[in-house]
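>>> Sequence first, predicted model second:
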Amino acid sequence: MKRTNVESAIAMGSIRRTINLTCALALTGAGVYLLFDIVVTVSQGGGFRGLLVMAAVLMTVVGAYWLWVDFVKATPSEEA
């Protein structure tokens, strides 16, 4: 029996789920760390870098969206 695209997306293996979780958490964590680092640097009188802010926000948003789509909003598989 051949799976459809929806069924194969729902039935995510445990190794793939672990890799996705690790990458999404790393991306979100790095983005949040960069945002915190920018706030500390600016508060100590350092320069403000717009591209670094944009990169940090992008990393945080992409990582959080990845976590939301794959883990929070995901439909549980029938195997579990």
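Done, it's in. Just so you know, these numbers come straight off a predicted model, no measurement behind them.

>>> need the helices for this structure, in chain order.
5-10, 14-43, 50-67 (DSSP state H).

>>> Format those as TSV; extra columns: mean neighbour count, distance to residue 74 and mean pLDDT.
(C-beta placed from N, C-alpha, C; glycine too.) TSV is the format used below for these (neighbours: other C-beta atoms under 10 Å; distance: least, C-beta to C-beta, whole Å; pLDDT from 0 to 100):
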stretch	mean neighbour count	distance to residue 74	mean pLDDT
helix 5-10	11	8	56
helix 14-43	14	9	91
helix 50-67	15	10	92
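
>>> possible to save those as TSV with distance to residue 73?
Below are the helices of the chain laid out as TSV (distance: least, C-beta to C-beta, whole Å):
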stretch	distance to residue 73
helix 5-10	12
helix 14-43	13
helix 50-67	10
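
>>> can you list contacts of stretch 41-57?
Stretch 41-57 is contacted from outside by 31, 32, 34, 35, 38, using C-beta atoms under 8 Å, 6 or more residues apart in numbering.

>>> okay if I get those as a markdown table plus distance to residue 20?
Output for the contacts of stretch 41-57, formatted as a markdown table (distance: C-beta to C-beta, whole Å):
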| residue | distance to residue 20 |
| --- | --- |
| 31 | 17 |
| 32 | 18 |
| 34 | 21 |
| 35 | 23 |
| 38 | 27 |
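
>>> Check the gap between the most centrally placed residue in the chain and residue 46 for me.
Geometric centre of the chain, nearest residue: residue 63, 1.7 Å, by C-alpha atoms, centre = their mean. Taking C-beta to C-beta, to the nearest Å as the measure, residue 63 falls 25 Å from residue 46.

>>> Check residue 57 too.
18 Å.

>>> I am finished for the moment; much appreciated.
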